[in-house]
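Undergrad: coords please:
(2 chains)
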Amino acid sequence: MNLGEKILAVHSGKRKVSAGDFVDVRVDMVLANDITAPLAIQEFAKLGVNKVFDPARVVLVPDHFCPNKDILAAEQAKMMREFARRQGVRYYEVGRMGIEHVLLPEQGLVLPGEVVVGADSHTCTYGALGAFATGMGSTDIAVAMATGEIWMKVPPAIKFVYHGRLKKWVGGKDLILFTIGQIGVEGANYSSMEFAGEAVDMLGMDGRFTMANMAIEAGGKTGLFAVDARTLEYVKPRAQRPYRVYKSDKNAAYARILEWDVSKLEPQVALPHLPSNVRPVSEVKNVEVDQVVIGSCTNGRLDDLRVAAALLKGKQVSPRVRCIVIPGSQQVYMQAMKEGLLETFVQAGAVVSTPTCGPCLGGHMGILAAGERCCSTTNRNFVGRMGSTKSEVFLAGPAVAAATAVVGRIASPVEVAR
Amino acid sequence: MKLKGTVHKYGNHINTDVIIPARYLSLSEGSDLARHCMEDIDAEFVKRVKPGDIIVAAVNFGCGSSREHAPLAIKASGISCVIAESFARIFFRNGINIGLPLLESAEAVKGTKSGDVLEVELETGEIKNLTTGETYHAAPYPPFLLDIISAGGLIEYTKRRLEKKK
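TA: Got it, this is the predicted structure:
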């Protein structure tokens, strides 16, 4: 069995499962946020169940439209907060929270070998820890909160092997954008993606979170990494309950295996309006931008901010650009402050925000007007994603985003680095 | 169960951001969401759509976010079912869970255009194009999914299971 099959077999009480099987899966953690929890709470009430299956295994995070952007958003956040108090489930208030997919791993709430379901498509982020994590809708999450179980169809697995060492300024975002560019936004639909090879072995955890995060952008059900010494180093001081590490068998079945030499890979950029519309940065010429966003569940972690700060240090954001930096959690914010990264951003003329999903989905904190362009480290560039249907979003990693902020047009970090 | 309605046809990768833009995600009533359904890709849709109408689209319909607001908006706008070559997986689950029928049929997508009238038999997956006289077939649902669909969605299905356990 491959890694995904092993985790699903254990969680459905079966010795063996294979692609296509329908199974009832026991879940280790259930997640919702301020825009998906309200619907889930409504559906939960219809089930005739009074209490969630285990308050320690349900977590609610106000991150999308919080701090509350308007009255309706405030009402939704309030509904979720009151449900959390009534049920005694985990809840992270503004000032102690983070973007859910930055926060949960950081707090040790998702662990290797676990099954995690969340009412947010980027729940697949936790695959970086070797957890089978996948996004679902609010009704699924209502059922998971009530019963601790959910149905799944065991997905076929696609293995992606990245050979060689990455060049400077090239990271997890570039690898995953490159991959989506190669296979398309439906290239891994219904499948689990397994990432392997020298280049990802050498990636830090933050780069792996970025890659797993965007599995959904290829249609993937989850994006899995094998657990190694780096994973354990991350997990051990955080874990508050026991966990088990599973490995793919040597003869595991894969629907496809794709291999690339990435030693010469350039930073990548996804042009509007699909994450698969990917080019090397050197081919993206004369694209002036009005805004740069550095943050999100994809690239709002410490390593991302370090890369951006290294390029912005001693420089100024172009007069034509609004540069918005959003640390992914209070912990990331605090550490970035200690390391002087926040000072670097502010001195360069960028704004530093409290953790929020905000602009990524066109919620608040950086909405685009008609005709405006943004270079963003977020995960989607669909029509209207960040505001006006006549605006454009270019997706990139933190290095390209920071270089672009300085130059005022889509730029390679090599142009800006001393 | 027979469904009959006029086709609204779209292309590839119709994502949840255009089905229901995030600026409306502070709403959770179907009727409120329906007023903005497909707004960012087809502003006229809400004026044109009539109860029973059918959305036909190409590959990867519903890709993007997990927002259940997307199938809810479509269902509440009066659409009786969505036919596509393929669906993104979260959208597919959400549709089944809330009782919005979704059918996969490449030949139906190829054979229909906006304005055609289709008659769909959900049990058999037979799709008749009353405008052209053609008949298409959709892939049948696996038995497990049929159980959820015939219960009327995941909530009712789960309620019945929980009652049995008692």
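Undergrad: What is the least confident helix or strand in chain B?
TA: Least confident helix or strand of chain B, by mean pLDDT, DSSP states H and E, is helix B:143-151 with a mean of 90.
Undergrad: Next, see if the following helix or strand past it gets close to chain A.
TA: Remark: after helix B:143-151, the chain's next helix or strand is helix B:154-165, criterion DSSP states H and E. Yes - Helix B:154-165 reaches chain A (CB under 8 Å from any CB of the partner chain) through B:154-155, B:158-159, B:162. C-beta here means a position set from N, CA and C on the backbone, and glycine is covered the same way.
Undergrad: now residue B:90, nearest residue through space, not along the chain?
TA: Distances taken as CB to CB, 6 or more residues apart in numbering or on different chains place residue B:66 nearest to residue B:90, at 4.8 Å, with adjacent residues excluded.
Undergrad: Which residues of chain B lie near chain A?
TA: Chain B comes close to chain A at residues B:13, B:15, B:17-18, B:21-23, B:25-28, B:40-41, B:59-60, B:63-69, B:71-72, B:86, B:88-90, B:93-94, B:97-98, B:142, B:144, B:153-155, B:158-159, B:162, as judged by CB under 8 Å from any CB.
Undergrad: The least confident helix or strand of chain B versus helix B:154-165: what angle between them?
TA: When axes from the mean of the first three to the mean of the last three CA atoms, to 10 degrees is applied, the directions of helix B:143-151 and helix B:154-165 differ by 100 degrees.
Undergrad: Which positions in helix B:143-151 come out as buried?
TA: By 16 or more other CB atoms under 10 Å in any protein chain shown, the buried positions in helix B:143-151 come out as B:145, B:148-149, B:151.
Undergrad: What of stretch B:70-82?
TA: Buried residues in stretch B:70-82, defined by neighbour count with 16+ other CB under 10 Å: B:70-77, B:79-82.
Undergrad: Would you map the strands across the stretch 301-418 of chain A?
TA: Along the stretch 301-418 of chain A, counting by DSSP state E, counting those that start in this stretch, strands occupy A:322-326, A:351-352, A:373-376, A:392-395.
Undergrad: could you redo these as JSON lines and give each row mean pLDDT and mean neighbour count?
TA: Formatted as JSON lines, the strands of the stretch 301-418 of chain A follow (pLDDT from 0 to 100; neighbours: other CB atoms under 10 Å in any protein chain shown):
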{"stretch": "strand A:322-326", "mean pLDDT": "98", "mean neighbour count": "25"}
{"stretch": "strand A:351-352", "mean pLDDT": "98", "mean neighbour count": "18"}
{"stretch": "strand A:373-376", "mean pLDDT": "98", "mean neighbour count": "28"}
{"stretch": "strand A:392-395", "mean pLDDT": "98", "mean neighbour count": "27"}
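Undergrad: Need the three-state assignment for the nearest residue to residue A:139 once chain neighbours are set aside.
TA: Computed as CB to CB, 6+ apart, the closest residue to residue A:139 that is not its neighbour in sequence is residue B:97, at 4.2 Å. Here residue B:97 is recorded as helix under DSSP: H, G, I helix; E, B strand; the rest coil.
Undergrad: tally of neighbours for residue B:97?
TA: By the criterion of other CB atoms under 10 Å in any protein chain shown, residue B:97 has 26 neighbours.
Undergrad: do the same with the one 3 residues further on
TA: Number of residues near residue B:100 (other CB under 10 Å) recorded here: 21.
Undergrad: That one should be in a helix, yeah?
TA: No - Residue B:100: not assigned to a helix; according to three-state DSSP it is coil.
Undergrad: In contact with it: list those residues for me.
TA: B:71, B:74-75, B:79, B:81-82, B:94 (CB atoms under 8 Å, 6 or more residues apart in numbering or on different chains).
Undergrad: now, which of those residues lie within helices?
TA: Counting by DSSP state H, the part of the contacts of residue B:100 found in helices is B:71, B:74-75, B:94.
Undergrad: Just give me the closest of those to residue A:265.
TA: residue B:94 (35.5 Å; CB to CB).
Undergrad: Figure out how far stretch A:50-57 is from the centre of its chain.
TA: On the basis of CA atoms, centre = their mean, to the nearest Å, stretch A:50-57 sits 25 Å off its chain's mean C-alpha point.
Undergrad: Need the CA coordinates for that stretch. PDB is fine.
TA: Taking C-alpha atoms only, stretch A:50-57 is exported to PDB below (Å, rounded to 0.1, in the frame of the first residue of the first chain):
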ATOM      1  CA  ASN A  50     -26.200  17.600  21.100                       C
ATOM      2  CA  LYS A  51     -22.500  17.300  21.600                       C
ATOM      3  CA  VAL A  52     -19.500  17.000  19.200                       C
ATOM      4  CA  PHE A  53     -17.900  13.600  19.200                       C
ATOM      5  CA  ASP A  54     -14.800  14.800  21.100                       C
ATOM      6  CA  PRO A  55     -14.200  18.500  21.900                       C
ATOM      7  CA  ALA A  56     -10.500  18.100  21.900                       C
ATOM      8  CA  ARG A  57     -10.600  17.000  18.300                       C
END
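Undergrad: Cool, thanks, signing off.
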